[in-house]
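Participant: below: sequence and its predicted model.
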Protein chains: 2
Amino acid sequence: MATTIRQVAAEAGVSIATASRALGGSSAVVEATRERVLGVAAALNYTPSRLGRSLATGSTGNVGVILPDVTNPFYTSFLAALESALGARDLGILVGDSHESLDGERALIRRMDTQVDALVLASSRLPDAEIVAASHRLPVVLANRRLDAAAIAPAGLSQIALDVGPGFAQAAEHLHSLGHTGIVYVDGPPQSWSGRQKRDTLTRACARLGMRLTIAPTVRPDFEGGRRALEAVDLDDTTAIVAFNDQVALGLLSALREAGVEVPTRVSIVGCDDSLPHGLAWPPLTTVDSSSRTLGELAAAATLGEGALRNTVPTHLIVRDSTGACPAASV
Amino acid sequence: MATTIRQVAAEAGVSIATASRALGGSSAVVEATRERVLGVAAALNYTPSRLGRSLATGSTGNVGVILPDVTNPFYTSFLAALESALGARDLGILVGDSHESLDGERALIRRMDTQVDALVLASSRLPDAEIVAASHRLPVVLANRRLDAAAIAPAGLSQIALDVGPGFAQAAEHLHSLGHTGIVYVDGPPQSWSGRQKRDTLTRACARLGMRLTIAPTVRPDFEGGRRALEAVDLDDTTAIVAFNDQVALGLLSALREAGVEVPTRVSIVGCDDSLPHGLAWPPLTTVDSSSRTLGELAAAATLGEGALRNTVPTHLIVRDSTGACPAASV
DNA sequence: CGAGCGAATGAAACCGGTTACATCAACCTA
DNA sequence: TAGGTTGATGTAACCGGTTTCATTCGCTCG
């Protein structure tokens, strides 16, 4: 159906080799010939087949991106940043949604790994060994995740992560300085690497500051998950909540409003990601600036760069209006 | 690097044709041979190259999806629905973000059209002629857009759209019955097909009901666009606002709250898409149920189905708490 | 004038699969 | 036993490009 390079070559009266060279901009073809070939190509509305080229050159011009949830704003802005950076180099994106499932992630990798130049895994739930195995077949960029053993860092495996340590430590200190004596942490998925970082940081900080720490689970780290998580929280006993991300915080905010609990007078809330446009949450959310756009830009840089990259971006707390002094009555 | 079918064939002591048949599950290969080939393939960790197969069979197993904005929840849930349905058939998705730009859309189509089996264009801003041209090269599914002339419906071009007519007419009637005498419509991008449907419907309904209609533009149909749009609205003179979508409505809500204008006592607001999880907006938003998930599912069906499809899904108004009686004082 | 050189082009192999067609053996039937 | 049929497998063409290597031609220089 579509015109091929052989048709162009035949029409222009040259060999396919010459046609290929002329179209590819090789200098080893005389001006008159080039023009003739280009003219014929234009007239025939010829577009080179990406497939044929991929097979011949061994590079596809596509990268695979696997996310736990395309619907989650954290990943969509990650994806948007990645897409912009790669698209500028005329690279395409094959996107896959693992739906937070291990098998889903495996299936996607299998489907993609013979047709992309590199693989970007966002918040992968895969065990270290499988990630390393994949990185032997093609370059892998691990975003928002880091392998346990720092020793084994295979070539072709980049690791981009946000260091939530500073931000979450500041969150605990901030709440401590406001007079709160305990924190409820509403967590993300159990296998989440960044979730573990957040838990660990809060655990250490609370121990240091002499605060109580309670951990509440979520089914999924989104708005609805946040709403549901509040059911497991003993409101009589809590004055401060830290959430896995802004979506969960938003859900908590919504459920608290329905329960008639005022924020921040009665309960303080801290989110994470700084992913909400100004004014979306009310009151404006105190949050940790774990920017997924930045994560996406760094992942793109790692994909484009040849060597393996290991990058950690520090975070910090942004204080807004969803945190306030601990109400004296409740201690 | 990766093992090829030739290596498998050699190792198993058969021709590549037999190897291909054994792996492909053809019945024309004796059991013993099949087992031997499959055993060798497993031992060598062989995965067939998607590229080689695509070139040989003429079908890639990928479909291209082009969206105006991957960050917009309307398109992400569209994408999620599409991804689920296509992924279940082991089809991959090449995603592109046109950033609401015509040239961006053209570039993406050019990059994709030789490496996908079909193209899904969501809210395409392209002129009819270019869409028709693309549909001559490969199957095209037009989502949330319809060609002007119903006469020219090329084979291989499907059109899936939500009929916002009923929903927006009901919105006008609803506001009319609450005593409002005028509506401000905060619009989407000027080239948007669905935007025109919404404008036209409101224009007709307002004429019929004897209401004033004012149209305010947005730079981009998102939260921030909604906030900015309020600057152009004369608040002394308006009691009811209809928004292009929920994101814009949310932005309006946020800006109104900052301006100290109460919803719905002072101003009523109607959104569109029903894209917000329950409780995200406060007060809960009266909206038109223009579900993008449904749109995605229908687009997937059109992509999978062989023939061209033309489908329209009706919408209706969902009344919640962001609309109320017109304040007597202001007329 | 002929050897030598470089520039432009062509022939053909190759990337990794699929598949139409040829081949060959075994079996069945007349 | 010869001829036909069937079933398993091999040979080779093909998909649409790129690239190595060989060829041809015109030119320069000794």
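Facilitator: Here it is on my side, so go on.
Participant: in terms of helices and strands, where is A:Arg145?
Facilitator: Take DSSP states H and E as the rule and A:Arg145 turns out to sit in neither a helix nor a strand.
Participant: hang on, isn't it packed against A:Val120?
Facilitator: No. Using CB atoms under 8 Å, A:Arg145 is not in contact with A:Val120, being 11.1 Å away. C-betas here are computed from N, CA, C, even on glycine.
Participant: the more surrounded of these two?
Facilitator: A:Val120 (29 against 20; other CB atoms under 10 Å in any protein chain shown).
Participant: just say helix, strand or coil for the more buried one.
Facilitator: strand (DSSP: H, G, I helix; E, B strand; the rest coil).
Participant: confidence score at it?
Facilitator: pLDDT, A:Val120: 98.
Participant: who touches it in this structure?
Facilitator: Listed by CB atoms under 8 Å, 6 or more residues apart in numbering or on different chains, the contact set of A:Val120 reads A:Val63, A:Gly64, A:Val65, A:Ile66, A:Leu82, A:Val140, A:Val141, A:Ala143, A:Ala299, A:Thr303.
Participant: return the member of those nearest to DNA strand C.
Facilitator: The shortest approach to DNA strand C among these belongs to A:Gly64, at 17.3 Å (CB to the nearest atom of the strand).
Participant: what angle sits between the helix or strand where the closest one lies and strand B:62-67?
Facilitator: Using DSSP H and E, A:Gly64 falls within strand A:62-67. Angle of strand A:62-67 versus strand B:62-67, following axes from the mean of the first three to the mean of the last three CA atoms, to 10 degrees, is 70 degrees.
Participant: where are the low-confidence patches of the stretch 51-200 of chain A?
Facilitator: A:149-152 (pLDDT under 70).
Participant: that one against DNA strand C: which residues are in contact?
Facilitator: Within the stretch 51-200 of chain A, the positions near DNA strand C by CB under 7 Å from any atom of the strand are A:Leu55, A:Ala56, A:Gly58.
Participant: tell me the angle of the strand or helix carrying the second one relative to helix B:50-57?
Facilitator: The reference is to A:Ala56. Element membership of A:Ala56 [criterion: DSSP H and E] is helix A:50-57. Helix A:50-57 runs at 120 degrees relative to helix B:50-57, counting by the same axes, to 10 degrees.
Participant: quick check: A:Gly195 touching A:Phe244?
Facilitator: Yes. A:Gly195 lies in contact with A:Phe244 (CB under 8 Å); the separation is 6.2 Å.
Participant: shared neighbours, these two?
Facilitator: Common contact partners of A:Gly195 and A:Phe244 (CB under 8 Å, 6+ apart): A:Asp187, A:Gly188.
Participant: for these two, indicate the residue with more neighbours.
Facilitator: A:Phe244 (28 against 20).
Participant: distance of A:Ala171 from A:Thr315?
Facilitator: 10 Å (CB to CB, to the nearest Å).
Participant: find residues that contact each of these two.
Facilitator: Common neighbours of A:Ala171 and A:Thr315, using CB under 8 Å, 6+ apart, are A:Val288.
Participant: so these two - more neighbours on which side?
Facilitator: Between A:Ala171 and A:Thr315, counted using other CB under 10 Å, the more crowded position is A:Ala171 (31 against 25).
Participant: excluding its backbone neighbours, what's nearest that one?
Facilitator: Of all residues not flanking A:Ala171 in the chain, A:Val270 sits nearest, at 4.9 Å (CB to CB, 6 or more residues apart in numbering or on different chains).
Participant: same check on A:Arg125?
Facilitator: Leaving aside its chain neighbours, A:Arg125 sits nearest to A:Gln191 (4.5 Å; criterion: CB to CB, 6+ apart).
Participant: isn't that neighbour right up against A:Pro127?
Facilitator: No. Under the criterion of CB under 8 Å, A:Gln191 makes no contact with A:Pro127, lying 9.4 Å away.
Participant: which phi and psi does A:Ser268 have?
Facilitator: Phi and psi for A:Ser268, reported as degrees, to the nearest 10, are phi -100, psi 150.
Participant: got the contact list for the nearest residue to it once chain neighbours are set aside?
Facilitator: Nearest residue to A:Ser268, sequence neighbours excluded (CB to CB, 6+ apart): A:Thr323, at 4.0 Å. For A:Thr323, the contact set (CB under 8 Å, 6+ apart) comprises A:His174, A:Leu175, A:Leu178, A:Ala240, A:Pro264, A:Ser268, A:Ile269, A:Val270, A:Thr286.
Participant: among those residues, which are in helices?
Facilitator: A:His174, A:Leu175 (DSSP state H).
Participant: can you turn the buried part of the contacts of A:Thr323 into a PyMOL selection?
Facilitator: To isolate the buried members of the contacts of A:Thr323 in PyMOL, using 16 or more other CB atoms under 10 Å in any protein chain shown:
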select buried, chain A and resi 174+175+178+240+264+268+269+270+286
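Participant: of all the contacts of A:Thr323, which comes closest to B:Gly260?
Facilitator: Proximity of the contacts of A:Thr323 to B:Gly260 was ranked by CB to CB; the top entry is A:Pro264 with 20.3 Å.
Participant: from B:Ser77, how far out is the closest one?
Facilitator: For A:Pro264, the distance to B:Ser77 - CB to CB - is 32 Å.
Participant: isn't A:Arg6 up against A:Val14?
Facilitator: No. Under the criterion of CB under 8 Å, A:Arg6 is not in contact with A:Val14, lying 10.9 Å apart.
Participant: between those two, which is the more surrounded one?
Facilitator: Using other CB under 10 Å, the more surrounded residue of A:Arg6 and A:Val14 is A:Val14, with 19 against 11.
Participant: name the element the more buried one belongs to?
Facilitator: Counting by DSSP H and E, there is no helix or strand that carries A:Val14.
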